[in-house]
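Enquirer: turn this into a model:
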Amino acid sequence: MSIRKSIFITIIALGLLSACGEQKPKEVKIDSAEVEKRAAELKAKAAQEEAELRAAKERVEDSLRKLDSLQQVKEHGHAH
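Expert: Numbering: from 1, shown residues only. Here you go, the predicted structure:
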């Protein structure tokens, strides 16, 4: 019984070792034109998002100025 058990354990261990063995990393070829194209797309997207953020910030500032003017008119009868 112990021989069968040790053979079974050996087979399982060899299976695990072969399945989990170290594999060679695959070489990845990088196309520089594709990288430059993607970088340009990302830069353009970032610039567009930055412009949208600036525009939103300006809208908020304008809204705050209008709100402040309205509040001054309400309190004092005129804006400063």
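Enquirer: pull out the buried positions in stretch 61-77.
Expert: With burial defined by 16 or more other CB atoms under 10 Å, not one residue of stretch 61-77 is counted as buried. Placement of C-beta: from N, CA and C, glycine included.
Enquirer: for the protein, what spans make up the strands?
Expert: Per DSSP state E, the chain carries no strands over any range.
Enquirer: give me the low-pLDDT residue ranges for it?
Expert: Residues of the chain meeting the criterion pLDDT under 70: 1, 21-22, 78-80.
Enquirer: spatially central, which residue of it would that be?
Expert: With distances taken as CA atoms, centre = their mean, the residue of the chain nearest its centroid is L42 (12.2 Å).
Enquirer: R54 versus that one, what's the distance?
Expert: According to CB to CB, to the nearest Å, L42 and R54 sit 19 Å apart.
Enquirer: the helices in the chain, which residues?
Expert: Using DSSP state H, the helices of the chain run over 2-19, 32-76.
Enquirer: so which of those helices comes closest to P25?
Expert: helix 2-19 (17.8 Å; CB to CB).
Enquirer: elements contacting that closest one?
Expert: Contacts defined by 3 or more CB pairs under 8 Å, 6 or more residues apart in numbering; DSSP states H and E place helix 2-19 against no helix or strand at all.
Enquirer: how far does that helix sit from the chain's center?
Expert: Offset of helix 2-19 from its chain centre (CA atoms, centre = their mean, to the nearest Å): 44 Å.
Enquirer: in it, what counts as buried?
Expert: Buried, per 16+ other CB under 10 Å, within helix 2-19: nothing.
Enquirer: numbering from 22 from now on, please.
Expert: Sounds good: first residue 22 from here, last item helix 23-40.
Enquirer: got the contact list for that helix?
Expert: Applying CB atoms under 8 Å, 6 or more residues apart in numbering, helix 23-40 turns out to have no external contacts.
Enquirer: can I get it in PDB, CA atoms only?
Expert: What follows is helix 23-40 as a C-alpha-only set of coordinates in PDB (Å, rounded to 0.1, in the frame of the first residue of the first chain):
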ATOM      1  CA  SER A  23       2.800   2.400   0.800                       C
ATOM      2  CA  ILE A  24       4.500   1.800  -2.600                       C
ATOM      3  CA  ARG A  25       1.200   2.700  -4.400                       C
ATOM      4  CA  LYS A  26       0.900   5.800  -2.300                       C
ATOM      5  CA  SER A  27       4.500   6.900  -2.900                       C
ATOM      6  CA  ILE A  28       4.100   6.300  -6.700                       C
ATOM      7  CA  PHE A  29       0.900   8.300  -6.700                       C
ATOM      8  CA  ILE A  30       2.500  11.200  -4.800                       C
ATOM      9  CA  THR A  31       5.500  11.100  -7.200                       C
ATOM     10  CA  ILE A  32       3.200  11.300 -10.200                       C
ATOM     11  CA  ILE A  33       1.300  14.200  -8.800                       C
ATOM     12  CA  ALA A  34       4.500  16.000  -7.800                       C
ATOM     13  CA  LEU A  35       6.000  15.600 -11.300                       C
ATOM     14  CA  GLY A  36       2.700  16.800 -12.900                       C
ATOM     15  CA  LEU A  37       2.700  19.900 -10.700                       C
ATOM     16  CA  LEU A  38       6.400  20.600 -11.400                       C
ATOM     17  CA  SER A  39       5.900  20.300 -15.100                       C
ATOM     18  CA  ALA A  40       2.700  22.400 -15.100                       C
END
